[in-house]
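1. Kindly return the folded structure for what I paste below:
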Amino acid sequence: MSPQNLPVRIQQLRERIARACAAAGRSAQSVTLLAAAKAQPPELVTAAADCGVSDFGESYLQEGLAKIAALRDRPLTWHFIGRVQSNKTRPIAEAFAWVHAVDRLKVAERLSAQRSPLLPPLNVCLEVNVAGEESKGGVAPAATAALAASVAKLPNIALRGLMCIPPEEKALARQRQWFARLRTLLAELNASGARLDTLSMGMSGDFDAAILEGATIVRIGTALFGPRG
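-> Numbers count the residues shown, from 1 in each chain. Down below sits the predicted model:
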């Protein structure tokens with residue numbers, strides 16, 4: 001992907017997001033475009049930032065830290081969207097504003113202990129394995145309420161919502177069924193006293209369906225930057 005192509009692609013993405021929001025009776029401003037920048041060079045991230053993208057997601061810790069350092073003069077928000085390993089929680093807690101894939105209390109406790117109280121609370125989403133796939137991380141839907149209750153009590157982090165990576169589906173209706181499960185689970189948690197406001201769901205191949213089911217953050221990589229080399 002050439003940086004020169006990014007303005008058109010980002011504009012097309014924003015228009016697509018706006019159409020999905022309109023179909024759902026929502027404002028386009030209710031959805032954050034999170035640029036999944038894994039394996040993309042810093043110059044592409046800079047070009048995307050020049051086009052108004054402010055939120056970037058990284059899945060590989062060292063790569064993400066290098067980009068954060070290279071672009072530290074930019075007012076960008078950095079999200080860690082990969083699987084969180086217990087032995088790497090400290091640099092994640094120190095450098096990122098969001099973590100999207102917490103699925104164990106141990107990981108949340110380490111992030112809490114290692115987040116400086118001088119920084120704003122670390123925004124956290126719990127990853128839910130909505131389809132029970134053995135190949136994917138995430139807490140089981142039935143265990144989410146207990147995990148959420150424990151995480152919400154921890155200092156230095158703010159439990160914001162839920163995240164999922166559902167099975168790959170082609171049909172819109174089948175895509176929506178998985179996202180509807182996460183939306184319903186968030187509503188159930190809020191009905192029990194949680195105050196969650198974030199559904200991080202939807203990627204390049206299914207974010208229209210995610211928006212129709214209430215996504216507030218869509219994680220877009222290929223549709224923005226093109227296929228990784």
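2. Could you pull out the strands in this structure for me?
-> Per DSSP state E, the chain carries strands over the ranges 32-36, 55-58, 77-80, 98-102, 122-127, 157-163, 198-200, 217-220.
3. and the longest one, what other elements does it pack with?
-> Contacting strand 157-163 under the criterion 3 or more CB pairs under 8 Å, 6 or more residues apart in numbering; DSSP states H and E are the following elements: strand 98-102, helix 105-114, strand 122-127, helix 144-152, helix 172-191, strand 198-200. All C-beta atoms are positioned from the backbone trio N, CA, C, and that covers glycine.
4. List the buried residues for the longest one?
-> Read it as helix 172-191. 175-183, 185-186, 189 (16 or more other CB atoms under 10 Å).
5. now the helices and strands packed on strand 157-163 as JSON lines including distance to Lys136?
-> Converted to JSON lines, these look like this (distance: least, CB to CB, whole Å):
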{"stretch": "strand 98-102", "distance to Lys136": "10"}
{"stretch": "helix 105-114", "distance to Lys136": "16"}
{"stretch": "strand 122-127", "distance to Lys136": "9"}
{"stretch": "helix 144-152", "distance to Lys136": "15"}
{"stretch": "helix 172-191", "distance to Lys136": "12"}
{"stretch": "strand 198-200", "distance to Lys136": "15"}
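6. Nearest to Ser27, out of these?
-> Nearest to Ser27 among these is strand 198-200; the distance by CB to CB comes to 15.2 Å.
7. can you give me the end-to-end distance of stretch 70-80?
-> Distance across stretch 70-80, first residue to last, is 17 Å (CA to CA, to the nearest Å).
8. do stretch 195-215 as well
-> 16 Å.
9. Same question for it: list its buried residues.
-> 196, 198-203, 206-215.
10. quick one: which of those residues sit in helices?
-> Taking DSSP state H, the ones among these that sit in helices are 207-212.
11. List just the nearest of those residues to Ala223.
-> Phe207 (7.9 Å).
12. from memory that closest one sits against Ala20, does it?
-> Yes. Between Phe207 and Ala20 a contact is recorded at 7.4 Å, counting by CB atoms under 8 Å.
13. Just name the closest of the buried residues of helix 172-191 to Ala145, please.
-> Nearest to Ala145 among the buried residues of helix 172-191, with distances taken as CB to CB, is Leu189, at 6.1 Å.
14. how about the closest one, what does it touch?
-> Residues in contact with Leu189 (CB atoms under 8 Å, 6 or more residues apart in numbering) are 144-145, 148, 162, 196.
15. mind running it again at 10 Å?
-> Taking CB atoms under 10 Å, 6 or more residues apart in numbering, we find Leu189 in contact with 126, 144-145, 148-149, 152, 159, 161-162, 195-196.
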